[in-house]
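Peer 1: Got a predicted structure plus its sequence, pasted below:
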Amino acid sequence: MKVILIKYGELNTKGDNRNFFINTLYDNIRNKLKDYNVDIVKDRAKMTIKFNDNDLDKIENIISKIFGIHSYTVAEVCSDNLDDIKNTILKVANKLDYKTFKIESKRSNKNFKIHSMELNKILGGTILKNNSNVSVDVHNPELLLRVEVRIDRVYVYYKVCAGSGGYPVGTQPKALLMLSGGIDSPVAGYMAMKRGVKIDAVYFEARPHTSLEAREKVISLCRKLSVYTTSINLHIVNFTPIQEEIYKNCRSDYCITIMRRMMYRIMEKLCKKYNGVAIVNGESIGQVASQTLTSMNVINSVTNMPVIRPLACFDKLEIMEIAREIETYEISILPYEDCCTVFVPRHPAINPKINIALNEESLFDYESLINKAIDEVNTIKIDSEDDREFDNLL
Ligand code: ATP
Ligand code: MG
């Protein structure tokens, strides 16, 4: 019998916390494989998945994107009867093409009487007797066959794939991701999820200055991100009245600073509304005028919530590399305008002053506009398998 054998990620935790991690990972895997006929079994050291052979490629692809998995492999399973192990190792080895090999046994079941070194020799002998064209090479073997003797079963496998690492999504509470159509914010969301954070996304929209295509782009990005979690709620904020008031009332070099202070204020209120405990965004130090440390300070001062900036110290090229890996890059570079780009002033303040920002924004009644924007938020639930766009409004 074959199973997918899963080893956990960075679960350097003990006791109840470890169980919580494992149970969350189990739920996430079960949820992602809900359309497949599988049998998933978890214990403290590993998980195994029984599957239908035809589904293997698809299941492996899904597993490779679930956070909290250190590695996975397809293993043959047998009992701890020595003849059974010998037959199984021949079954695995005979399907492969190799000249040199090595057996590496691990014995976590100490009731199993044969020590690892001895088992290596016995099983090596079994292979040599069966195939006179191969030899043992302990230093640089073409084929490394692994045998794990565990309490319940013995697992035989050779090809170990790296999982996505990180922590299972849901082992941290929810954060709200500021998701624009750009390159950075989807990458920031991906990195936060990798730390186990569950995310909702927030998109500030400025129609008619921005188009429906720009919204669809954000939905597509959200769908790409939802591969790594169960589903993502995308909250769309109508930012137009606020932006128009800013540009009517405030001096132009402070428009971006004030616009971003308004975004942060809204984010804080949305966190309260949707149970988020932090804000995540794609800001990177020095990238644009609003992301100098001075600007970040003036903008950030409207909220006491933690603002997580996974990309703060990344180069744009490093960010683009991850964007390509997670397949958001091609969507992000589509040429639809964002609310920030539509209203960009010629000379935004690079070193804004807090008292000037306070003074400028006191020139219009932003509180009521913010409350109205929050009351009128439009939420869409985005699922990775769901190709419908607007007909699944909550
Ligand atoms: P780019 O990849 O072109 O830099 P960006 O999305 O990073 O695009 P920035 O102007 O650098 O755009 O904005 C910094 C961060 O602010 C973004 O990463 C995103 O988290 C947030 N943000 C900007 N505009 C919006 C928006 N319209 N809706 C939601 N979040 C936004
Ligand atoms: Mg950016």
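Peer 2: In hand now; what should we look at? Ligands and ions are numbered 1, 2, ... in the order given.

Peer 1: and this structure, what are its domains?
Peer 2: 2-162, 168-390 (automatic domain parsing).

Peer 1: Could I get the ones you listed in CSV, plus columns for mean pLDDT and mean neighbour count?
Peer 2: Every C-beta, even on glycine, is put in place using the N, C-alpha and C of the backbone. Formatted as CSV, the domains of the chain follow (pLDDT from 0 to 100; neighbours: other C-beta atoms under 10 Å):
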stretch, mean pLDDT, mean neighbour count
domain 2-162, 94, 16
domain 168-390, 94, 19
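
Peer 1: Any chance of these in JSON lines with distance to ligand 1 as columns?
Peer 2: Shown next, in JSON lines, are the domains of the chain (distance: least, C-beta to the nearest ligand atom, whole Å):
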{"stretch": "domain 2-162", "distance to ligand 1": "20"}
{"stretch": "domain 168-390", "distance to ligand 1": "2"}
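
Peer 1: Contact partners for the nearest residue to residue 62 once chain neighbours are set aside?
Peer 2: Spatially, and ignoring its direct neighbours in sequence, residue 62 is nearest to residue 32 (5.1 Å; C-beta to C-beta, 6 or more residues apart in numbering). By C-beta atoms under 8 Å, 6 or more residues apart in numbering, the contact set of residue 32 is 62, 66, 230.

Peer 1: TSV please, covering those residues and showing distance to residue 176 and secondary structure.
Peer 2: Shown next, in TSV, are those (distance: C-beta to C-beta, whole Å; DSSP: H, G, I helix; E, B strand; the rest coil):
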residue	distance to residue 176	secondary structure
62	26	helix
66	22	coil
230	17	coil
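
Peer 1: Which one of these is nearest to residue 38?
Peer 2: Of all those, the one with the least separation from residue 38 (C-beta to C-beta) is residue 62, at 10.5 Å.

Peer 1: how near is that closest one to residue 136?
Peer 2: Distance, residue 62 to residue 136, by C-beta to C-beta, to the nearest Å: 37 Å.

Peer 1: now the helices for the chain?
Peer 2: 15-32, 56-63, 82-94, 116-130, 184-194, 212-226, 240-249, 255-274, 293-300, 316-325, 329-332, 339-342, 354-361, 366-375 (DSSP state H).

Peer 1: Which one of the ones you listed lies nearest to residue 157?
Peer 2: helix 82-94 (7.5 Å).

Peer 1: helices and strands around that closest one, which ones?
Peer 2: strand 69-78, helix 116-130, strand 143-149, strand 154-157 (3 or more C-beta pairs under 8 Å, 6 or more residues apart in numbering; DSSP states H and E).

Peer 1: Which of these sits closest to residue 377?
Peer 2: strand 69-78 (34.3 Å).

Peer 1: In CSV: the helices of the chain, plus distance to residue 158.
Peer 2: Output for the helices of the chain, formatted as CSV (distance: least, C-beta to C-beta, whole Å):
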stretch, distance to residue 158
helix 15-32, 23
helix 56-63, 15
helix 82-94, 7
helix 116-130, 12
helix 184-194, 28
helix 212-226, 33
helix 240-249, 58
helix 255-274, 46
helix 293-300, 50
helix 316-325, 26
helix 329-332, 34
helix 339-342, 51
helix 354-361, 61
helix 366-375, 55
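
Peer 1: closest to residue 3 out of those?
Peer 2: Closest of the helices of the chain to residue 3 is helix 56-63, at 10.9 Å (criterion: C-beta to C-beta).

Peer 1: angle of that closest one against helix 15-32?
Peer 2: Computed by axes from the mean of the first three to the mean of the last three C-alpha atoms, to 10 degrees, the angle separating helix 56-63 from helix 15-32 equals 130 degrees.

Peer 1: doesn't residue 275 make contact with residue 173?
Peer 2: Yes. At 7.5 Å, residue 173 counts as touching residue 275 under the criterion of C-beta atoms under 8 Å.

Peer 1: Can you show me the CA trace of stretch 271-290 as CSV?
Peer 2: Provided in CSV are the C-alpha atoms of stretch 271-290 (Å, rounded to 0.1, in the frame of the first residue of the first chain):
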residue,chain,number,x,y,z
CYS,A,271,-10.0,45.2,12.0
LYS,A,272,-12.5,45.9,14.8
LYS,A,273,-15.4,45.0,12.5
TYR,A,274,-13.9,41.7,11.2
ASN,A,275,-11.8,40.6,14.2
GLY,A,276,-8.4,41.4,12.8
VAL,A,277,-5.6,41.9,15.2
ALA,A,278,-3.0,43.5,12.8
ILE,A,279,-2.7,45.2,9.5
VAL,A,280,-0.4,43.8,6.8
ASN,A,281,0.8,45.7,3.8
GLY,A,282,3.4,45.7,1.1
GLU,A,283,5.3,48.8,2.1
SER,A,284,9.1,48.7,1.7
ILE,A,285,11.4,51.2,3.1
GLY,A,286,12.3,53.9,0.7
GLN,A,287,10.4,52.6,-2.3
VAL,A,288,8.3,55.7,-2.8
ALA,A,289,7.8,59.0,-1.0
SER,A,290,5.1,57.6,1.3
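
Peer 1: got a list of what residue 232 touches?
Peer 2: 199, 200, 201, 222, 225, 226, 381, 382.

Peer 1: Enumerate the beta-bridge partners assigned to it.
Peer 2: Counting by DSSP bridges, residue 232 is bridged to residue 382.
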